[in-house]
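[1] Fold the following and give me the result.
(chains A and B)
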Amino acid sequence: MAPAAALRCEKLVKQYGPLAAVDGLDLEVRTGECFGLLGPNGAGKTTTVEIFEGLNDPSSGLVEVLGLRWSSDAHALRQRLGISLQETHLPDRLTVEETLRLFRSFYVQGRPVEEVLALVELLDKRATWTEKLSGGQKQRLAVACALVSDPEVLFLDEPTTGLDPQSRRQLWDVVLGFKARGRTVLLTTHYMDEAERLCDRVAVVDKGKVIALGTPQELIEGLGGHEIVELATQQPLEAAELADLPGVRGARRSADGVALTVDQLHVALPAVLARVGQRGLTRLSTHRATLEDVFVQLTGRKLRE
Amino acid sequence: MTLTRLRLFFREPGAVFWTFGFPLLLTVALGAAFRNRPPEPVAVGVESAQLFETLQRDEGLRVQLFLEDADARRALRTAKVGLVVLPGPPITYLFDPTRPESRLARALADAALHPRGPPATVDLPVTAPGSRYVDFLIPGLIGMNIMSSGMWGIGYVVVEMRTRKLLKRLVATPMSRAQFLTSFVMMRALFLFLELPVLLGFGWLTFRVGVAGSLPLLLGVAVLGALAFSGLGLLVASRAQNTQTVTGLINLVMLPMFVGSGVFFSTARFPEAAQPFLRLLPLTALNDAMRAIMIDGAGPSGVLGPVALLAGIAAISFALALRFFRWR
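    Next up, the predicted model:
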């Protein structure tokens, strides 16, 4: 039997005037998994998450959280969820510890404040006003406020946007530790490396719809090759001219040239070079395929445009 | 560049209001209070029907007959009249030499009573504590302070929490919403226990402005006033999405009371038609009740009306705020 769904929505629609921020979205997040919503800004990720969090009402569609509905079980649900908003401005002049104790006081059950402070590595900052914290420390405090209730589901909306690499890694460890306790995480991000590192499954969202769903590995394999070759030439080059070369599984136009999906780089590369030799190669690069390439393949656009 | 500045200015409704709307409103309000009727009649109170007859013949005077000495003195104290004439002999003038209109009233009345003969009158300048303008002013200022801190301290802070999404974050928790709103009101009420002694102490030390009535009653009325204005503060903050909007709303609510609730001058200066409306303003009720206690030493029964009004406003505004509050 499949594990019960922690979060589920069907035909979810959120209409803002004539604009549908969420446009018939189906999603099922299983208990104990870390699920990622990927997509560019304005794709409807935050709206979807806020509907799950009970902070926004859907225009239509079914939403279930832990098998309950917001319309009938709002208070019980709030006790069981942990939330970190996209931007959380905590009171400037409360200390880290006071902030956390305030949030702890809202919940019937939870984890000791000490333990959570240790978890997010803010023990030495406990007496510091929140306005004096660095961006990474603020974000860790925001996540701590979400964890202090010992929630069954943790919502993280772009938890590491704008953070330095070290802060990001610290937060990732916190999330992985939470997941190791068998809890569920729903996170949105537009960092592909974050999704690949943390998420068991991801849904790629664009224009309010899920356009791809699977493990990061499955999605990348769906491209047909593991390597991406990007090249540009002085004279015009059509993607179709390279599509039939050995080892090349797909070809498309990129901003200033052609991008190829390749499964055997050692076979494909000499053939590509031979064919474009006379056009005057101005740029050639290769990288391992990422979710970013999946997104570009699906939409023809980059994630952070 | 100038065009850009103009554009930005006109796209900021608040600024436009303060530049054009506010001076106009203020002019209208103050104009109504200090109407310029040539010659401006000076209000005089008398305690005898015979003097009343004589003085009324003078066009420069607006004469009011008082049957009780205490009523006449109160009218003088609250700046409703500039002079009280006591029947003689000798005829006695009660007036406040620190107020120009009071001195003018004395001169005009004197001329009317003794067109020819030498005045055989006694002047009794009233400057004892309880009768001076500062005695009138201090309760008004305390009332104004209670209003401002309630409206700004709550209205503005709540809206700022909303714009900074802190409100949203709190609503995502099981926090009780009524408790959240109550916490603001409680804080205002508690703060009064610090605020009021400071203001009263300052009034006493510098101007010898005392409290004729009971201090606990005064404190009770002040707390009730704070509750009423906290409720109104929450109400103006209940829907506003940004701090500009709430600033405008707060000003809109407070402005009529700054001018019309008898902070700096008696509400009696406004036309008769405006009086029922002015009496419904919570600051008028608060000021009236505090003046009654501080100056006239009124007991609980003396401030029943204003107290009931304040309690009603507090209860209704809080209930409405809880009902309409936008939590996201």
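[2] Close to chain A: what parts of the stretch 201-328 of chain B are there?
    Within reach of chain A by C-beta under 8 Å from any C-beta of the partner chain, the stretch 201-328 of chain B has these residues: residue B:328. All C-beta spots, glycine's among them, are computed from the backbone N, C-alpha and C.
[3] any low-confidence regions in the chain?
    Looking at chain A here, since you left the chain open. Where chain A drops to pLDDT under 70, the residues are A:1-3, A:300-305.
[4] should've been chain B
    Low-confidence segments of chain B (pLDDT under 70): B:14-15, B:18, B:35-43, B:78-79, B:88-89, B:115-121, B:126-131.
[5] Walk me through the domains of it.
    B:42-125, B:133-324 (automatic domain parsing).
[6] I'd like those domains laid out as CSV, including mean neighbour count.
    Output for the domains of chain B, formatted as CSV (neighbours: other C-beta atoms under 10 Å in any protein chain shown):
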stretch, mean neighbour count
domain B:42-125, 17
domain B:133-324, 19
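[7] Can I get those in a markdown table including distance to residue A:41?
    What follows is those, written out as a markdown table (distance: least, C-beta to C-beta, whole Å):
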| stretch | distance to residue A:41 |
| --- | --- |
| domain B:42-125 | 63 |
| domain B:133-324 | 17 |
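[8] Can you classify residue A:149 by secondary structure?
    Taken by DSSP: H, G, I helix; E, B strand; the rest coil, the conformation at residue A:149 corresponds to coil.
[9] what's the closest non-adjacent residue to residue A:166?
    Excluding the flanking residues, the one nearest residue A:166 by C-beta to C-beta, 6 or more residues apart in numbering or on different chains is residue A:136, at 7.3 Å.
[10] For residue A:204, which of the domains of chain B is the nearest?
    When the domains of chain B are compared by C-beta to C-beta, domain B:133-324 sits nearest residue A:204, at 26.0 Å.
[11] start to end distance for that closest one?
    With C-alpha to C-alpha, to the nearest Å as the measure, domain B:133-324 spans 42 Å from end to end.
[12] just stretch A:104-119 next, same as before
    Separation of the first and last residues of stretch A:104-119 by C-alpha to C-alpha is 15 Å.
[13] Residues in contact with that stretch: which ones?
    Stretch A:104-119 has contacts (C-beta atoms under 8 Å, 6 or more residues apart in numbering or on different chains) with A:79, A:96-97, A:100-101, A:123, A:126, A:144, A:147-150, A:174, A:177, B:170, B:173-175.
[14] let's see it at 6 Å
    With contact meaning C-beta atoms under 6 Å, 6 or more residues apart in numbering or on different chains, stretch A:104-119 is reached by A:100-101, A:123, A:126, A:144, A:147-150, B:173-175.
[15] What of stretch A:195-203?
    For stretch A:195-203, contacts defined as C-beta under 6 Å, 6+ apart pick out A:33-38, A:175, A:189, A:210, A:213, A:215-216, A:291.
[16] which of these count as buried?
    With burial judged by 16 or more other C-beta atoms under 10 Å in any protein chain shown, the buried subset of the contacts of stretch A:195-203 is A:33-38, A:175, A:189, A:210, A:213, A:216, A:291.
[17] Next step: these restricted to helices.
    The helices, defined by DSSP state H, take in A:175, A:216, A:291 from the buried ones among the contacts of stretch A:195-203.
[18] Now cross-check these against chain B and list the overlap.
    When C-beta under 6 Å from any C-beta of the partner chain is applied, no member of these is adjacent to chain B.
[19] And those, which is closest to chain B?
    residue A:175 (18.3 Å; C-beta to the nearest C-beta).
[20] contacting residues for the closest one?
    For residue A:175, the contacting residues are residue A:198, by C-beta under 6 Å, 6+ apart.
[21] show me where the stretch 51-200 of chain B has helices.
    All helices of the stretch 51-200 of chain B, identified by DSSP state H, counting those that start in this stretch, fall at B:69-77, B:100-113, B:133-150, B:157-163, B:166-171, B:177-207.
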